[in-house]
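Colleague: build me a model from this:
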Amino acid sequence: MNDTEYIPIAALNQYAYCPHRCWRMFCAGEFIDNQYTIEGTSLHDRVHTLSEGNRDDTWQIRAIWLKSERYKLVGKSDLIESDSGQLYPVEYKRGNKGEWDNDELQVCAQAMCLEEMTGQPVITGYVYYAHSHQRQLVEITSQLRERARFTIEAVQILLLTGAMPKPVYTKRCKGCSLYKNCLPQAAKKVARYVETN
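Modeller: Predicted coordinates for the structure are as follows:
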């Protein structure tokens, strides 16, 4: 990565989910589909058709590119809406409402890009969960912005150095499409074996 390269906004989501997964995807170029990633891709294929129009009193535009020179971020939005002149991003996810907090981080990064592109403050966003057909409000607070900036910096370092974070087993591993490549529990068992011998 050099100074002119941009970080995909999706990398922030992946890093917050699991730094090791982010490394595998964005440094090692590994990706394997499972039922969750296929459902997510199918959802985004439907959403990522460029369109613009009104839905009741809300203006909507789908599949536009967002970019930040300040943070060196780039990514395609699922949906940007404007209600009473207030812009906000809506990120589509396949899961259920409130499953993981990394989705909020992705919405925050989109809001930061949108602010820079339009010069307007963006104080809210949403995550739309396809399984429950519900939107979850994301307040773009100073704490969430700080977390986003910290994650941006961490991903920049990851991409610059290529240093692989150690795999750490959590309950999130059960749904990870790269679990078999990573095997975090096996690494722990090997480490224990080495310590005892």
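Colleague: going forward, measure contacts between C-alpha atoms and count neighbours the same way
Modeller: Noted.
Colleague: mind checking the longest helix of this protein?
Modeller: Determined from DSSP state H, the single longest helix within the chain is helix 142-161.
Colleague: residue 111 reaches residue 125, doesn't it?
Modeller: Yes: assessed by C-alpha atoms under 8 Å, residue 111 is found in contact with residue 125 at 7.2 Å.
Colleague: now the common contact residues for those two.
Modeller: 88, 89, 140 (C-alpha atoms under 8 Å, 6 or more residues apart in numbering).
Colleague: next, the last one: phi, psi?
Modeller: Dihedral angles phi and psi of residue 140 (degrees, to the nearest 10) take the values phi -80, psi 80.
Colleague: can you pull the pLDDT of it?
Modeller: If you check residue 140, the pLDDT there is 98.
Colleague: same check, this time on the second one
Modeller: The per-residue pLDDT reported for residue 89 equals 98.
Colleague: and for the one 10 residues further on?
Modeller: pLDDT recorded at residue 99 is 62.
Colleague: tell me where this protein has strands.
Modeller: 7-8, 51-55, 58-62, 65-68, 73-76, 79-83, 86-93, 124-129, 134-139 (DSSP state E).
Colleague: same list, the ones you listed, but as CSV with mean neighbour count and distance to residue 115 please.
Modeller: Listed next are these as CSV, based on neighbours: other C-alpha atoms under 10 Å; distance: least, C-alpha to C-alpha, whole Å:
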stretch, mean neighbour count, distance to residue 115
strand 7-8, 19, 17
strand 51-55, 12, 19
strand 58-62, 17, 16
strand 65-68, 20, 9
strand 73-76, 20, 13
strand 79-83, 18, 12
strand 86-93, 22, 9
strand 124-129, 21, 11
strand 134-139, 16, 14
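Colleague: which of those comes out lowest on mean pLDDT?
Modeller: Note on the strands of the chain: lowest mean pLDDT is at strand 51-55, with a mean of 73.
Colleague: which helices and strands does it pack with?
Modeller: strand 58-62 (3 or more C-alpha pairs under 8 Å, 6 or more residues apart in numbering; DSSP states H and E).
Colleague: circling back to that earlier point, tell me which of the strands of the chain sits nearest to residue 23.
Modeller: strand 7-8 (12.7 Å; C-alpha to C-alpha).
Colleague: give me the residues contacting the closest one.
Modeller: Under C-alpha under 8 Å, 6+ apart, the answer for strand 7-8 is 72, 73, 74, 75, 152, 155, 156.
Colleague: repeat for stretch 135-155
Modeller: Contacts for stretch 135-155 (C-alpha under 8 Å, 6+ apart): 7, 11-12, 15-16, 71, 97-98, 104-105, 107-109, 111, 122-129.
Colleague: apply 7 Å and report the result again.
Modeller: 12, 97, 104-105, 108-109, 123-129 (C-alpha atoms under 7 Å, 6 or more residues apart in numbering).
Colleague: residues of it that come out buried?
Modeller: Applying a neighbour-count criterion of 16 or more other C-alpha atoms under 10 Å, one finds 135-136, 138-140, 144-145, 147-149, 151-152, 154-155 buried in stretch 135-155.
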